[in-house]
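Trainee: just to be clear, the model below is a prediction. Sequence and coordinates:
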Amino acid sequence: MKKSNSIFTLQFWLLCLSSFLFFSSFNMLIPELPDYLTSLGGAEYKGLIISLFTLTAGLSRPFSGKLTDRIGRVPVMAFGSLVCFVCGFLYPLVTTVLPFLLLRFVHGFSTGFKPTGTAAYIADIVPVTRRGESMGIHGLIGSLGMAFGPAIGSWIALEFSMNVLFYCSSAFSLLSILILVNMKETLPKEHKEKFTLSSIKIGRHDIFDWAVFPVVIVVFFTSFTFGTVATLTPDLSKSIGLENKGFFFLIYTLASLLIRFVAGKWSDQNGRVPVLIIGCIFLVIAMIFTAYSTNVFIFTCAAALYGISMGIISPITQAWTVDLCEDANRGRAIATMYIALEAGIGIGAFFPTLIYHNELKNLPNAILVSVIFALVALVYLLFYRRKEALKVGV
């Protein structure tokens, strides 16, 4: 498909709207699921709420990457939204811990597919020179969904019930699918294949794209912090007197809105790595603030700083992934980046809960672990920039 010189096309905005609804769909559940699992008798398994979800997402990435490059971007996106739609209707039917955890495992297929196809689709339709900017704008819309979802999700649960919340999540997913129905496929016809059982057969070359290894390092260590935030901030919110457990998500997303657009455009002009270094500096500071949040003011500052950091890191790592890969392997490269993302989130959600152990006094130390991971990403980027500078010098 021929690319327009503008990124502001109907296809682009439809894709953004679909992503908004998709991210709202599963994120509206996150703040309420820890208490819901506790009500089922599974308080000690809170860390698995995010970990199981991201485990499946990570395991499904090689499949979604291959299918994106073989059968098309649109079918892969539609399948991801379809999983969310089905799971929303199944949650009210599970009343014990094990079925709930199994459903979380299945639900993870949604993010294993939808974002992979979406990122490839965007790369297909926007000019190379505006790749960072377009990823930033799309990320901004997706972040609105990530902010809107938890905030409205907590409100729905408080005013109505958890079952109503689950059905609303399913409805948002359905709308996301309907938007995709008439979207034009962007995978070139010469690369497109019909779906067969062999389409989901994965070889070792389909799992990992080594061309994007630098992105993998940065994404893994920075996304560890999101797993920690998603799992522990609901309890941290309650400890400082905030009833709406989606407050942190709302503030961090609002803070990321403008910076996503600016950072993406800046990285198009000045390079990905220098801007990512700034993002990692903000991330380290944000996690320190989060660990020592003892009142609403500090907590709000921590959320805002976290939003700035993620608003920089998220769109630029996506653009950097597409920069480093070959066009024919775009789906595989994006899937590789998302494998690192899901692995980081999953481990970041699980490991700190072992330190936390449902004791509020342990929260600061549990959150401070993520500071170490953010520092590793920062140090790696500094060495990478130095290495690239030496190459240019030679």
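Mentor: Arrived safely. From a predicted model like this one, the values you see are computed outputs, not experimental measurements.
Trainee: contacts for stretch 259-270?
Mentor: Contact with stretch 259-270 is made by 129-137, 139-140, 143, 275-276, 279, 307-308, 311-312, 314-316, 319-320, as judged by Cβ atoms under 8 Å, 6 or more residues apart in numbering. Quick note: C-beta positions are derived from backbone N, CA and C, even for glycine.
Trainee: helices - which of these land there?
Mentor: When DSSP state H is applied, those are split such that 131-137, 139-140, 143, 275-276, 279, 307-308, 311-312, 314-316, 319-320 fall in helices.
Trainee: how about the helices in the stretch 101-250 of the chain?
Mentor: 109-125, 131-159, 162-180, 213-239, 247-270 (DSSP state H, counting those that start in this stretch).
Trainee: now the first one against helix 162-180, angle please.
Mentor: By that I understand helix 109-125. Here helix 109-125 runs at 30 degrees with respect to helix 162-180, directions being taken by axes from the mean of the first three to the mean of the last three Cα atoms, to 10 degrees.
Trainee: next one: the last one
Mentor: For the pair helix 247-270 and helix 162-180, the angle between their directions (the same axes, to 10 degrees) equals 20 degrees.
Trainee: now swap in the longest one and tell me
Mentor: Helix 131-159 and helix 162-180 meet at an angle of 150 degrees, taking the same axes, to 10 degrees as the criterion.
Trainee: buried residues in helix 131-159, which are they?
Mentor: Applying a neighbour-count criterion of 16 or more other Cβ atoms under 10 Å, one finds 131-154, 156-157 buried in helix 131-159.
Trainee: tell me where this structure is predicted with low confidence.
Mentor: Low-confidence segments of the chain, defined by pLDDT under 70, span residues 1-7, 191, 196-207, 392-394.
Trainee: so what's the residue nearest in space to the middle of it up against?
Mentor: The residue at the geometric middle of the chain, judged as the C-alpha nearest the mean C-alpha position with Cα atoms, centre = their mean, is residue 341 (7.2 Å). Residue 341 makes contacts with 219, 220, 223, as judged by Cβ under 8 Å, 6+ apart.
Trainee: cutoff 6 Å now
Mentor: Residue 341 makes contact with 219, 223, according to Cβ atoms under 6 Å, 6 or more residues apart in numbering.
Trainee: what's the helix or strand for it?
Mentor: helix 330-356 (DSSP states H and E).
Trainee: against residue 70, how distant is residue 188?
Mentor: Residue 188 sits 12 Å away from residue 70, going by Cβ to Cβ, to the nearest Å.
Trainee: so these two - more neighbours on which side?
Mentor: Remark: of residue 188 and residue 70, residue 70 carries more neighbours, 20 against 11, as counted by other Cβ atoms under 10 Å.
Trainee: what sits closest to the more buried one if chain neighbours are left out?
Mentor: Here the nearest residue to residue 70 in space, its sequence neighbours aside, is residue 193; by Cβ to Cβ, 6 or more residues apart in numbering that works out to 4.9 Å.
Trainee: gap between the closest residue in space to residue 90 that isn't next to it in sequence and residue 73?
Mentor: Leaving aside its chain neighbours, residue 90 sits nearest to residue 103 (5.7 Å; criterion: Cβ to Cβ, 6+ apart). Counting by Cβ to Cβ, the gap between residue 103 and residue 73 amounts to 27 Å.
Trainee: circling back: winner for burial among the helices of the stretch 101-250 of the chain?
Mentor: Sort these by mean neighbour count, taking mean count of other Cβ atoms under 10 Å, and helix 109-125 sits at the top with a mean of 27.
Trainee: put the alpha carbons of that helix into CSV.
Mentor: The C-alpha trace of helix 109-125 is given here as CSV (Å, rounded to 0.1, in the frame of the first residue of the first chain):
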residue,chain,number,x,y,z
PHE,A,109,-3.7,-13.9,24.1
SER,A,110,-5.4,-10.6,23.4
THR,A,111,-2.3,-8.5,24.0
GLY,A,112,-0.2,-11.1,22.3
PHE,A,113,-2.0,-10.4,19.0
LYS,A,114,-3.7,-7.0,18.8
PRO,A,115,-0.6,-4.7,19.5
THR,A,116,1.6,-6.8,17.2
GLY,A,117,-0.7,-6.3,14.2
THR,A,118,-1.3,-2.7,15.0
ALA,A,119,2.3,-1.7,15.2
ALA,A,120,3.0,-3.4,11.9
TYR,A,121,0.0,-1.7,10.3
ILE,A,122,1.1,1.8,11.4
ALA,A,123,4.6,1.2,10.1
ASP,A,124,3.1,0.2,6.7
ILE,A,125,1.0,3.4,6.3
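Trainee: on that earlier part again, quick one: the residue nearest to residue 70 and residue 69 touch, right?
Mentor: No: in this structure, residue 193 sits apart from residue 69 without contact. The criterion is Cβ atoms under 6 Å, and the distance is 9.4 Å.
Trainee: higher neighbour count, the two?
Mentor: Residue environment comparison for residue 193 versus residue 69 gives the larger neighbour count to residue 69, 26 against 13, counting by other Cβ under 10 Å.
Trainee: and residue 41, its phi and psi?
Mentor: With angles defined as degrees, to the nearest 10, residue 41 sits at phi 100, psi 20.
Trainee: ok, now which ones touch it?
Mentor: When contacts are counted by Cβ under 6 Å, 6+ apart, residue 41 touches residue 97.
Trainee: state the distance from residue 45 to residue 100.
Mentor: Going from residue 45 to residue 100 by Cβ to Cβ gives 9 Å.
Trainee: now swap in residue 270 and tell me
Mentor: Applying Cβ to Cβ to residue 270 and residue 100 gives a distance of 46 Å.
Trainee: now do residue 184
Mentor: In this view, residue 184 and residue 100 are 39 Å apart by Cβ to Cβ.
Trainee: higher neighbour count, those two?
Mentor: For residue 184 against residue 100, the residue with the higher neighbour count under other Cβ under 10 Å is residue 100, and the figures read 22 against 10.
Trainee: what comes up buried for the lengthiest helix in the chain?
Mentor: When secondary structure is assigned using DSSP H, the longest helix within the chain turns out to be helix 363-393. Neighbour-count burial for helix 363-393, counted by 16+ other Cβ under 10 Å, picks out 363-364, 366-371, 373-378, 380-381, 384.
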